[in-house]
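Q: Generate a structure from the sequence data that follows.
(2 chains)
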2 protein chains.
Amino acid sequence: MHVLITGGAGFLGKALAARLLDRGHLAGAGGGDERIDQITLTDVVRAEGFDDPRVAQATGDIADPDLLERVITGATAAVFHLAAVVSGQAEEDFDLGMRVNLDGTRTLLEVCRRRGHRPRVVFASSVAVYGGALPEVVLESTPLTPQTSYGTQKAISELLVADYTRKGFVDGRSLRLPTVTVRPGKPNAAASSFASGIIREPVNGEESICPVDRLTRMWVISPESAVGGFIHAHDLPADRLGFNRSISLPGLSVTVGEMVDALERVAGADAVARIRWQKDPRITKLVDTWPGTLDPARARTLGFPQDENFDAIVRAYVESRATGR
Amino acid sequence: MHVLITGGAGFLGKALAARLLDRGHLAGAGGGDERIDQITLTDVVRAEGFDDPRVAQATGDIADPDLLERVITGATAAVFHLAAVVSGQAEEDFDLGMRVNLDGTRTLLEVCRRRGHRPRVVFASSVAVYGGALPEVVLESTPLTPQTSYGTQKAISELLVADYTRKGFVDGRSLRLPTVTVRPGKPNAAASSFASGIIREPVNGEESICPVDRLTRMWVISPESAVGGFIHAHDLPADRLGFNRSISLPGLSVTVGEMVDALERVAGADAVARIRWQKDPRITKLVDTWPGTLDPARARTLGFPQDENFDAIVRAYVESRATGR
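A: Predicted coordinates for the structure are as follows:
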């Protein structure tokens, strides 16, 4: 089988590709495992660090039908659609967000439909689909009134994935991702970027600015569990999902203060001293519209992987630096 | 002020235009009443029966930006967006539904945004945004899992109206319309067409086929209350709505059997005898995904007009035939 990963040069896309190359198989349309013969990574830039002969790369604009026509073929059995403009950027540049996050998803579903073989499509949605006057614990049945353009574009994409699935054009699954932390590398334009930065930079001996206060509650997941969630979602038989194709991944509900306390336990008080608390009203406003606690009952029933606690997430990041993986 | 009505040659569009011409004013941006100087009707065909000098007409495709660039000007203070491909047709012709019901709404919002003066936009959504495993009484907070492409396109459009409003591009209001009955004229491709047909044709001495059974429960509204709802929604001050710009219009919850009983009380047993019960699985399947009973608490609090009972709806139709209005 062939696999396509959009956003394949991003951190999660690369981590997913590496895990799939290790694993070597995914569930086929018939249910049994099938060998992965090719993984195509598509993104605006090439993904570095892949010399596996099974990896192909194609660079371009995800909203460009020509690119998607090239990378989605009749052999493409699995599509992991991770390409997106992040939350802060989609709020600053409305047109860019609409083009990449909405038109990109729609074009991808259209090309899959035209191929006619009903590929499995795993779509990376976000808890940013929730917003507004939220209950303390958000349920999967809480209505979607997103308060960011990013969340709006993700909610619309979920509706498209569901209808393309209902019509039999694709076999779709949308995952509402918690904030993924700890991401390696540099800060990005996501409003949630600090959730990695306040762990990553101090561990690396650098200063980090925290733009929200200690009591800000976040719904977070480790990169490992997020990647595991994508693969688990792909392999679930369609009949276990029914008509509702949106699933909230099981995360951890932690305050920023609790995240920093975990950092102290794992990396020491010196690390914590490298955090500068400097409130940013623009970021606070976006983050405050996202749910801090969800009830991921459905994902648990469906057997999705879950993080143990935030200390384990910090520890895994510290260890990944040591091993270089 | 200038007013634009899309779908202006349709039954509801024409009824809304006639009511606005009679009324002569709408709330302006400042809150006070402003005189309506012009009403532009746009649709694929011209609306017949308007010789009022305040009425302008423009025919074309609602998804064509050139048409919308022409009819939305800096003077357009109010847009009533009623143009749509109906449910049955959007299910049969997926591409047409996406183009008219999704791209049409998006293009309209985009042109309004480019004008820069934040016009009020009243969008005709539908209870078809609900679907799937619905509770007996659907609440406004019931999540949207539409089971038709029409409902999906309406739900997506609501999300767009909300985000364009949040960004300050328009001042939007989405109304979830119950099934409108009794529509005059001919049956159309809406799956709900029979809800008018089983009253209209028997009253007119003609046979009508009912494709669902007597126990099918429907959420209905008269044309008068629907038109009144559009105007009321337009005139509501933005601060009474807050961030949630979707409102379910107050309808009546009636079974098809109760509708026919009302027909008998108003028009006699001869009329009822003209109904032929002939189940259509395709229509039954679509109609069964729509809610039969909603709790329109918010619309009531906001003072939307409501029908008294179904007898009154039948009586109003019989009287409209006599008076020709």
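
Q: Please make it C-alpha for all contacts and neighbour counts, starting now.
A: OK.

Q: Contacts only, for the closest residue to chain B within the stretch 101-250 of chain A.
A: Proximity of the stretch 101-250 of chain A to chain B (Cα to the nearest Cα) peaks at A:Pro143, 4.7 Å away. Going by Cα atoms under 8 Å, 6 or more residues apart in numbering or on different chains, A:Pro143 touches A:130, B:141-144.

Q: Can you flag the buried ones in the residues you listed?
A: Neighbour counting by 16 or more other Cα atoms under 10 Å in any protein chain shown classes A:130, B:142-144 among the contacts of A:Pro143 as buried.

Q: Which ones among those residues map onto strands?
A: If you go by DSSP state E, those have nothing in strands.

Q: Max pairwise distance over these: which two?
A: Spatially, the most separated pair among the buried ones among the contacts of A:Pro143 is A:Tyr130 and B:Thr142, at 13.7 Å (Cα to Cα).

Q: Between the two, which contacts overlap?
A: A:142-143.

Q: Show me what A:His81 is bridged to.
A: Using DSSP bridges, the beta-bridge partners of A:His81 come out as A:Thr6, A:Phe123.

Q: wait, it sits on A:Ser125?
A: No - here A:His81 lies out of contact with A:Ser125, judged by Cα atoms under 8 Å, at a distance of 9.3 Å.

Q: higher neighbour count, these two?
A: A:Ser125 (29 against 25; other Cα atoms under 10 Å in any protein chain shown).

Q: and the more buried one, that one's in a strand?
A: Yes - assignment of A:Ser125 by DSSP: H, G, I helix; E, B strand; the rest coil places it within a strand.

Q: ok, and the closest non-adjacent residue to it?
A: Sequence neighbours aside, A:Arg176 is the residue nearest to A:Ser125 in space, at 4.5 Å (criterion: Cα to Cα, 6 or more residues apart in numbering or on different chains).

Q: can you check A:His232 too?
A: Nearest to A:His232 is A:Phe304, by Cα to Cα, 6+ apart, at 6.4 Å.

Q: That neighbour and A:Ile231 touch, don't they?
A: No - if you go by Cα under 8 Å, A:Phe304 and A:Ile231 don't touch, sitting 9.5 Å apart.

Q: between these two, who's got more neighbours?
A: Neighbour count, other Cα under 10 Å: between A:Phe304 and A:Ile231, A:Phe304 has more, with 22 against 19.

Q: could you show me where the helices are in chain A, in order?
A: A:11-23, A:65-71, A:87-92, A:94-97, A:104-115, A:149-166, A:194-203, A:223-235, A:256-267, A:269-272, A:281-287, A:297-301, A:310-323 (DSSP state H).

Q: looking at those, which is buried most?
A: Stretch with highest mean neighbour count among these: helix A:149-166 (a mean of 26; mean count of other Cα atoms under 10 Å in any protein chain shown).

Q: for A:Asp280, what are its contacts?
A: Counted by Cα under 8 Å, 6+ apart, A:Asp280 has contacts A:211-212.

Q: go with 10 Å
A: A:209-213 (Cα atoms under 10 Å, 6 or more residues apart in numbering or on different chains).

Q: which of those residues are buried?
A: By 16+ other Cα under 10 Å, those give A:209-212 as buried.

Q: Next, format the residues you listed as CSV and append distance to B:Thr59.
A: Formatted as CSV, those follow (distance: Cα to Cα, whole Å):
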residue, distance to B:Thr59
A:Ile209, 56
A:Cys210, 55
A:Pro211, 52
A:Val212, 52
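
Q: picking up where we left off before, so can I have CSV of the contacts of A:Pro143 showing distance to A:Trp290 and pLDDT?
A: Converted to CSV, the contacts of A:Pro143 look like this (distance: Cα to Cα, whole Å; pLDDT from 0 to 100):
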residue, distance to A:Trp290, pLDDT
A:Tyr130, 6, 94
B:Ser141, 18, 84
B:Thr142, 19, 90
B:Pro143, 17, 90
B:Leu144, 19, 93
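
Q: now, the most widely separated pair of those?
A: Farthest pair in the contacts of A:Pro143, by Cα to Cα: A:Tyr130 and B:Thr142, 13.7 Å.

Q: is it true that A:Arg240 touches A:Leu302?
A: Yes - A:Arg240 is in contact with A:Leu302 according to Cα atoms under 10 Å; the separation is 7.9 Å.

Q: Pick out whichever of the two has more residues nearby.
A: A:Leu302 (14 against 8).

Q: The more buried one is in contact with A:Asp235, isn't it?
A: No - A:Leu302 is not in contact with A:Asp235 according to Cα under 10 Å; the separation is 11.0 Å.

Q: near chain B, which residues of chain A show up?
A: Within chain A, the positions lying close to chain B (Cα under 10 Å from any Cα of the partner chain) are A:91, A:94, A:132-133, A:140-153, A:155-160, A:162-164, A:166-167, A:242-246.
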